[in-house]
Each structure stands twice: as structure tokens, then as C-alpha cells.
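J.: Have a look; sequence and predicted model below, questions after that.
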Amino acid sequence: MFSSLFKRDDTFYTLLEASAAEARNCAILLKDVMAHMGADTSSQLDAIHQSRRKHKRLTQEVTERLCKTFITPLDREDIEHLSSALHKIPKTVEKIAERLALCPVQYANDIVSRQINLLDLGTVEVVNMVGALRKKAGMEHIQDMQDRLQHIEGDGDKMLMDLLRQLYNGKADPIEVLILKDLYELLERAIDRCRDAGNVVFQVVLKYS
């Protein structure tokens, strides 16, 4: 028992990588919900719910292992912080999917698609950055990925402001404004969640460099 307690457990890398991959899977599944708006989206929503449940189990396993493991490959607070940041991505994506399923099909516009594509790109960078932890990638490589993620997040912020400007200054129906503002802000928040996870990875690598 004690030998396993003091053995360095690299399983944390595997769990964090699986967590990032599942967050990305949720973003991919969100595209499927978007593609079926106006039709029965129950199977697409169910796929998102299942992915989210799988992600929650991974988060729980990280927490349990931290309680049972004495030596971790990274500081335990860093593992907790990253696991928590990753947890928030599919949680927000699930909310977006539920809103899209309720949303009248006429609001499935090109703007929403562009935001979903940005989210997709953000999750790609998160997967790559989390994977770089085990590989002990150099600071320059991490910085490149961090810069791309910040750029994606900046595009998301700019897009949100442009969209709100159009909504507030156009002749949109109040209900349309309410629905689209809710969608736009949720999507921007999901992109922010990707940035937050990337920031944790960046800070961890900076600490160990």
C-alpha cells in the first residue's frame, strides 16, 4: 500500500488529456446540434449529455486520485486548477446545445456558426497544450499555442461586440434580440473557458521552466 502511495503517478497526465479530448468532443457534437436545428435534436443532445457525463467522471477521478496519491507529476493545486478549468468547457457547451435545441431554426445563422467554429479551434489548442505537459514541451512551443488561443479568444470578443452592436442598433424584434444575445454570450463564454484552461497550462509550464 505504502509503495503505491509514494510512487509518482503519471495517470494524471492521461486523465487531463482525456478531459481535454472530451471537451473537444463536446465542441464537435455542438456542430451536429447546430446542423439539426429545426428538426428533432434529441439524439444530438443526448450525445452531448453523455459526453458531459463522461467528462464529469474524469474530473471526479482526478479528485479521487489526488486524495490517494502522495507524489504527483505536477503540483496538486495545478492539477486541480487545470481539471477545474477543463470541466467548465463542456459544462458551458452543454448549456449552448440546450439553448440551440430550443431556439427557432431561423436563428441558426451564419454568425452562430462562426462562433461555434471559433470554439472548435479553441478546443484544438487546449488539447494540444494539455498534451504538451506530458511531453515537457519547450516554453517557445507553449507560447506559440498560447498566442493562437489568445488570438482566438480576441476574435471571439470582437465578434461578440460586433454582434451586440448590430442587435442594439438594428431593427430586430425584441424576442430575437433576447435569444441571439443569450446565444452569442454563451458561445463567447465557452471560448473564454478554453482561454482559461490554456492560461493554466501556460502558467504551469512557466513555473517548471
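T.: Cool, got the structure.
J.: which helices and strands sit right next to the strand or helix carrying Phe12?
T.: In this assignment (DSSP states H and E), Phe12 forms part of helix 11-35. Contacts defined by 3 or more C-beta pairs under 8 Å, 6 or more residues apart in numbering; DSSP states H and E place helix 11-35 against helix 42-68, helix 76-102, helix 110-135, helix 174-208. For glycine as for every other residue, the C-beta is placed from the backbone atoms N, C-alpha and C.
J.: Tell me the spacing between the closest residue in space to Leu160 that isn't next to it in sequence and Cys194.
T.: Computed as C-beta to C-beta, 6 or more residues apart in numbering, the closest residue to Leu160 that is not its neighbour in sequence is Glu188, at 4.4 Å. Glu188 is 11 Å from Cys194, where distance means C-beta to C-beta, to the nearest Å.
J.: Let me see the contact set for the residue nearest the centre of the chain.
T.: Most central in the chain under C-alpha atoms, centre = their mean is Ile89, positioned 3.0 Å from the mean C-alpha point. By C-beta atoms under 8 Å, 6 or more residues apart in numbering, the contact set of Ile89 is Ala23, Cys26, Ala27, Thr123, Val126, Ala190, Arg193, Cys194, Ala197.
J.: Most neighbours of all these, which one?
T.: Neighbours here mean other C-beta atoms under 10 Å. Within these, the largest count is held by Cys194, at 33 neighbours.
J.: Out of the helices and strands packed on helix 11-35, flag the one nearest Thr11.
T.: helix 42-68 (6.5 Å; C-beta to C-beta).
J.: Identify the residues contacting Pro104.
T.: By C-beta under 8 Å, 6+ apart, the neighbours of Pro104 are Gly38, Ile179.
J.: make it 10 Å
T.: Met37, Gly38, Ile175, Glu176, Ile179 (C-beta atoms under 10 Å, 6 or more residues apart in numbering).
J.: Poorly predicted segments of this structure, please.
T.: Where the chain drops to pLDDT under 70, the residues are 1-8.
J.: returning to that earlier point: out of the contacts of Pro104, who's nearest Thr69?
T.: Met37 (44.3 Å).
J.: Neighbours of Leu102, how many?
T.: 10.
J.: and what of Leu29?
T.: Around Leu29 there are 23 residues (other C-beta under 10 Å).
J.: do the same with Val177
T.: 15.
J.: check which helix or strand covers the spatially closest residue to it that is not a sequence neighbour.
T.: Leaving aside its chain neighbours, Val177 sits nearest to Leu167 (5.0 Å; criterion: C-beta to C-beta, 6+ apart). Assigned by DSSP H and E, Leu167 belongs to helix 139-169.
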